[in-house]
Each structure stands twice: as structure tokens, then as C-alpha cells.
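[1] The following comprises the amino acid sequence and a computationally predicted model.
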Amino acid sequence: MAEKDQQVHPLAPANEHPRSDEESVSLQSKELKRKKRIKYAVYIAAFAVFQTAVILVFALTVMRVKNPKVRIGRVTIETMETNYTGAASSASFDLKFIAQVTVKNTNFGHYKFDNNIMRFLYDGVIVGEAIIPKARARARSTKKLDVTVEVNSRALTSATGLVSELSSNELTLNSQAKLKGKVELMKVMKKTKSPELNCTLTFNVSTRNLQELKCK
């Protein structure tokens, strides 16, 4: 009996089971949670950067203490007497005026200073002194103080230069002072600051007015 050829048929691939609705929802939920975690991480990082920037700006502005600026703002002459007849020994001056001293405080805390001496010099010789009274310059403001000043030439041992200057109808004085005080920030931190005043005053002897005022 003739053998019949046997045909071998390959097994049909098993059909993949389609994902159920529950599995699909679960995957979507996991993906949504992953995106939320990424979003929260970005928010936290952005907040950390913002906070660091705020702290940096605060440290560079509010907490940075600068030296206040002290100047002579204006001068009001009350009396002025001068003598320059030609002889060096007879040359002299005697002045009384009110100098407005300004203390400009650019810090975020007030600046409190004690009494300080303001000296006036002619050709390097002290010819008068006045007291800048203790006061407080408020935060980011300017304190103005009126100081009465009296200067004269009695301390000068040589008046040769004075004769020449007075004959040109001018009298030049230099004023110097150094304040000693503290800047107080947030009632916690105090820093000592000592600003210096250095101004040159040129008076017109003929008109008896202040001709020029320069401060460094």
C-alpha cells in the first residue's frame, strides 16, 4: 500500500489578547503622574533659583553698608572784616558765618553719630573750629545741620600770602571733619562708619559773599 504524503501545517500564531480598558487607564494614570512629578520638580527648581536671587539681591543692596557722605551745603555770612593796607603784619580777617552741614545716608539703616569737631584752615594753619552736633541721619535720607563758625587770622605767624590774596579780593579756607558713628540695620547689625568732610571755601572780600564752594 502506497504511503500517502503527509503534509505538515505550521501552527497558526496565537492571537494577541487586546489590552483591556483597565490596563489602558492604568498606563495613562502612570504617565500623568510622571508628568506631574516632572512639573513639580521644575517648579521647585525655579523657586530655589528665585529664592537664591532674592537673597543675593538682599545681600548686595540692603545688607551692604556704605560710608555716608558729609558735605557743606551752603554758607550764610553774618559778619566779615578784613584788613590789607599793604604791610604783611597788618593783614587780617575775622569772619562769622553759618555753615549747613549735610550728612547723606544711602543705607537702608539709620546712621547715628556723636559730636565731632569741624576745623577751618588757612594755608594749613587752623584758624577756627566748630562743633557738628550729634544727630541721626535716617535711612536713605539727608540730615541737615546748621553750624555757627567763627574764624580769624590771629593764629597766623606769617601773613605774606594773605596780603596777596586779600588784595585780589579773595579769601580761601579749607574745612575738615571726620564723623564717628554707626549704621544700624534692622536693629540687629551695627557697623562703624567714619565719613570725612573736606571742602574748600572761597570768599569774595569785596562783595562779602561766598564765591565758590568745592567738596571732595
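    Sure, I can see it.
[2] any idea where the helices of the chain begin and end?
    21-60, 160-167 (DSSP state H).
[3] Between these, which one is closest to Glu212.
    The closest of those to Glu212 is helix 160-167. By Cβ to Cβ, the value is 13.5 Å. Glycine gets a C-beta too; all of them are placed from N, C-alpha and C.
[4] residues of the closest one that come out buried?
    Going by neighbour count (16 or more other Cβ atoms under 10 Å), the buried part of helix 160-167 is Leu162, Val163, Glu165, Leu166.
[5] Would you check those and say which has the weakest pLDDT?
    Lowest pLDDT of those: Val163, 90.
[6] List the contacts of the residue nearest to that one when sequence neighbours are not counted.
    Leaving aside its chain neighbours, Val163 sits nearest to Ala91 (4.4 Å; criterion: Cβ to Cβ, 6 or more residues apart in numbering). Applying Cβ atoms under 8 Å, 6 or more residues apart in numbering to Ala91 gives the contacts Asn83, Tyr84, Thr85, Ser153, Ala159, Leu162, Val163, Leu166.
[7] Look up how far Val205 lies from the third one.
    I take that to be Thr85. Distance of Thr85 to Val205, given as Cβ to Cβ, to the nearest Å: 13 Å.
[8] Between those two, which has more neighbouring residues?
    Val205 (19 against 10; other Cβ atoms under 10 Å).
[9] roughly how far apart are that one and Ala155?
    19 Å.
[10] Need the nearest residue in space to Ser206, chain neighbours excluded.
    Asn169 (4.2 Å).
[11] Pretty sure the one you found sits against Asn204.
    Yes: judged on Cβ atoms under 8 Å, Asn169 makes contact with Asn204 at a distance of 6.0 Å.
[12] Please name the bridge partners of the closest residue to Gly109 other than its chain neighbours.
    Once flanking residues are discounted, Gly109 sits nearest to Leu185: 3.8 Å by Cβ to Cβ, 6+ apart. Beta-bridge pairing for Leu185 (DSSP bridges): Met189.
[13] Quick check, Leu185 in contact with Asn105.
    No: Leu185 is not in contact with Asn105 according to Cβ under 8 Å; the separation is 11.8 Å.
[14] Of these two, which one has the most company?
    More crowded of Leu185 and Asn105, by other Cβ under 10 Å: Asn105, with 27 against 17.
[15] My guess is that one contacts Tyr111. True?
    Yes: the criterion here is Cβ under 8 Å, and Asn105 meets it with Tyr111 at 4.4 Å.
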